[in-house]
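>>> fold the following and give me the result.
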Amino acid sequence: MARRRPGRSLRASGMTLVEVLVALSIMAVLALMSWRGLDAMVRTQSTTVNVNEDVLALQGGIEQWTLDLDMLAQTPWTSPLAWEDGSIRMTRRSALDSESLRLVVWTMQAEGSGQRWVRWQSGEIRSKQDFTAASQQASGWLQGKAGEAAQAVRIVSVSGFQVLFHSAGRWQPAPRPQPNRAAVEGIAADLPDGVRLMLELPPQGTFSGGLNVDWANPAATGGRS
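The predicted model follows:
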């Protein structure tokens with residue numbers, strides 16, 4: 001009767017150390033591949049969410065900019081639209097009360113290592129005293145007073161912000177405000193034929209390059225925007 005060799009019995013009953021190490025290596029590689037795939041999916045989802053947020057923020061900012069221009073109002077206290085020290089101030093009708101106004105400021109402010117396009121608005125304005133107070137609040141906010149920051153909305157990252165007015169058949173830099181000018185001619189006399197918003201978007205952001213948005217004064221185009 002033939003005897004079974006001990007070595008063959010051990011080989012049939014389990015795996016050698018080399019085989020265990022190979023199996024562990026394969027499992028480690030598969031786990032690493034799975035992790036990388038999952039990490040890539042999470043990163044892609046996060047990037048998509050950030051891009052969507054930036055797109056919506058930029059779109060909302062441009063729509064708000066256009067709405068502010070559409071609702072500009074004439075007052076005896078200041079020009080409805082004027083550029084001053086890198087910011088543009090607008091006096092517009094309130095969306096909540098047709099009898100009151102709001103002072104709106106669009107500017108570019110530092111944020112971290114970059115800049116951000118920002119909009120600030122005052123409370124309801126119903127008198128010259130209200131307007132003077134709103135102007136002081138706007139100046140305080142531009143100077144960095146924290147108490148006025150609650151009325152500000154930070155839109156998108158930018159590296160440049162400029163506004164041009166179209167008048168006399170050409171684009172030119174927006175003029176400084178004239179606060180003591182009596183408004184007797186009506187809104188069309190104090191507004192340019194058009195306004196061009198010029199944003200420079202940073203190369204490291206979701207968008208890059210220049211973005212121009214033109215607005216046409218309905219009074220200058222016969223009611224056609």
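>>> hey, where'd the strands end up in the protein?
Assigned strands in the chain, in chain order: 81-84, 87-93, 101-111, 114-121, 152-158, 160-167, 170-173, 194-201, 209-216 (criterion: DSSP state E).
>>> redo these as JSON lines? Include distance to E53.
From N, CA and C alone the C-beta is placed, and that goes for glycine too. JSON lines is the format used below for these (distance: least, C-beta to C-beta, whole Å):
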{"stretch": "strand 81-84", "distance to E53": "29"}
{"stretch": "strand 87-93", "distance to E53": "25"}
{"stretch": "strand 101-111", "distance to E53": "15"}
{"stretch": "strand 114-121", "distance to E53": "14"}
{"stretch": "strand 152-158", "distance to E53": "10"}
{"stretch": "strand 160-167", "distance to E53": "20"}
{"stretch": "strand 170-173", "distance to E53": "32"}
{"stretch": "strand 194-201", "distance to E53": "15"}
{"stretch": "strand 209-216", "distance to E53": "17"}
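>>> R116 reaches Q109, doesn't it?
Yes: counting by C-beta atoms under 8 Å, Q109 is a contact partner of R116 at 5.8 Å.
>>> for K128, find the nearest of the strands of the chain.
strand 101-111 (10.9 Å; C-beta to C-beta).
>>> what sits up against the closest one?
Residues from elsewhere that reach strand 101-111 (C-beta atoms under 8 Å, 6 or more residues apart in numbering): 65, 68, 73, 75, 86-94, 115-126, 131, 134-135, 138, 141-142, 154, 157-158, 160-161.
>>> now do 6 Å
Residues outside strand 101-111 that contact it (C-beta atoms under 6 Å, 6 or more residues apart in numbering): 68, 73, 87-92, 94, 115-122, 125, 134, 138, 158, 161.
>>> what's the burial count for the nearest residue to R196 once chain neighbours are set aside?
The shortest distance from R196 to any residue other than its chain neighbours is 4.3 Å, reached at L164 (C-beta to C-beta, 6 or more residues apart in numbering). L164 has 19 neighbours, counted by other C-beta atoms under 10 Å.
>>> can you put the strands of the chain in CSV and add mean pLDDT and distance to L30?
CSV is the format used below for these (pLDDT from 0 to 100; distance: least, C-beta to C-beta, whole Å):
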stretch, mean pLDDT, distance to L30
strand 81-84, 86, 62
strand 87-93, 93, 58
strand 101-111, 93, 44
strand 114-121, 93, 42
strand 152-158, 91, 40
strand 160-167, 92, 49
strand 170-173, 90, 62
strand 194-201, 94, 42
strand 209-216, 93, 43
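>>> ok, which of those strands comes nearest L56?
Nearest of the strands of the chain (C-beta to C-beta): strand 152-158, 9.9 Å.
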